[in-house]
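Mind folding the following:
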Amino acid sequence: MSFKYGVILGKSPEILKGELPINKFCPKVSPELTKHRMHIQIIQIGKSKHHFIHDAEAEYLKRLQAFATVKVSILRESHVSMSANPQQRSKAVESEGKNILAALPKKTYLVALDEHGKGMSSIEFGHMVKRIKDFEGGNLTFIIGGPFGLSDHVKSKADLILSFSEFTFTHEIIRVLLLEQIYRAYTIIINKTYHY
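A predicted model of the protein is given here:
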């Protein structure tokens, strides 16, 4: 099985079709290297629009190939302007939420990213990843909402609601931060020189 950064095609018509090409950031991975490894899925709303974000995502996805099989599912973003009223925003979040729920794997530890969630240190996050890898089936899914966040229904399905900071980040920047923290977690687990 080769690794490709891009879209995981599914039955839902709301999942965008197509894949980004394999490039120098995302080489192929042999089947031998992917056996008995953790499976991580990141479900996110909308594509990254900026090249520097895409490049950062690709870099950390490349690094993670040594530790886990990572899939990134990109779901369609509702086309609602930032000036939309609360009712329009709520409708967009509910619509995106339905597509997220339809894309969830059946057996996984589910983490929803939300500014009002639980905070963790990198060490604590690393311990959580190791626990899921060793004792909870090794399947881990992260959900990143769109500009207006996640629906209450989606958050109610999560095993953990995680906050990265009391600061506010764009939904694109948080993708890079998540990938970096997953990579950092693995370096903590194996005691690799990266986390100080």
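
Okay, F148 and P86: tell me how far apart.
Distance from F148 to P86, counting by C-beta to C-beta, to the nearest Å: 10 Å. No exception for glycine: its C-beta is placed from N, CA and C like everyone else's.

more neighbours, the two?
More neighbours surround F148 than the other of F148 and P86, with 21 against 8 (other C-beta atoms under 10 Å).

Now do the same contact list for the residue nearest the centre of the chain.
The centroid of the chain falls nearest to I42 when counting by C-alpha atoms, centre = their mean (2.7 Å). Applying C-beta atoms under 8 Å, 6 or more residues apart in numbering, we find I42 in contact with V70, K71, V72, S73, T141, F142, I144, R175, L178, L179.

The closest residue to the first one other than its chain neighbours sits in which helix or strand?
Right, V70. Nearest non-adjacent residue to V70, counting by C-beta to C-beta, 6 or more residues apart in numbering: I40, 4.8 Å away. For I40, the host element (DSSP states H and E) is strand 38-45.

Parallel or antiparallel, list what pairs with that strand.
Strand 38-45 sits in its sheet next to strand 68-75 (parallel), strand 139-144 (parallel), going by DSSP bridges.

Tabulate the CA atom coordinates of the longest one in PDB.
If I follow you right, that is strand 68-75. Listed next in PDB are the C-alpha coordinates belonging to strand 68-75 (Å, rounded to 0.1, in the frame of the first residue of the first chain):
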ATOM      1  CA  ALA A  68       2.100   5.300  11.500                       C
ATOM      2  CA  THR A  69      -0.200   5.000   8.500                       C
ATOM      3  CA  VAL A  70      -1.900   8.300   8.200                       C
ATOM      4  CA  LYS A  71      -4.900   9.100   6.100                       C
ATOM      5  CA  VAL A  72      -6.200  12.600   5.500                       C
ATOM      6  CA  SER A  73      -9.900  12.900   4.500                       C
ATOM      7  CA  ILE A  74     -11.000  16.200   3.100                       C
ATOM      8  CA  LEU A  75     -14.700  17.000   3.300                       C
END
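
Distance from the chain centre to it, please.
Relative to its chain's centre, strand 68-75 lies at 7 Å (C-alpha atoms, centre = their mean, to the nearest Å).

What residues sit buried inside that strand?
By neighbour count on 16 or more other C-beta atoms under 10 Å, the buried set for strand 68-75 is A68, T69, V70, K71, V72, S73, I74, L75.

Would you format those as CSV with pLDDT and distance to E59 included?
Shown next, in CSV, are the buried residues of strand 68-75 (pLDDT from 0 to 100; distance: C-beta to C-beta, whole Å):
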residue, pLDDT, distance to E59
A68, 95, 15
T69, 95, 17
V70, 96, 13
K71, 95, 17
V72, 94, 14
S73, 95, 20
I74, 93, 18
L75, 95, 23
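
Now tabulate those residues in TSV and tack on distance to L104.
Below are these laid out as TSV (distance: C-beta to C-beta, whole Å):
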residue	distance to L104
A68	18
T69	17
V70	16
K71	13
V72	14
S73	10
I74	15
L75	11
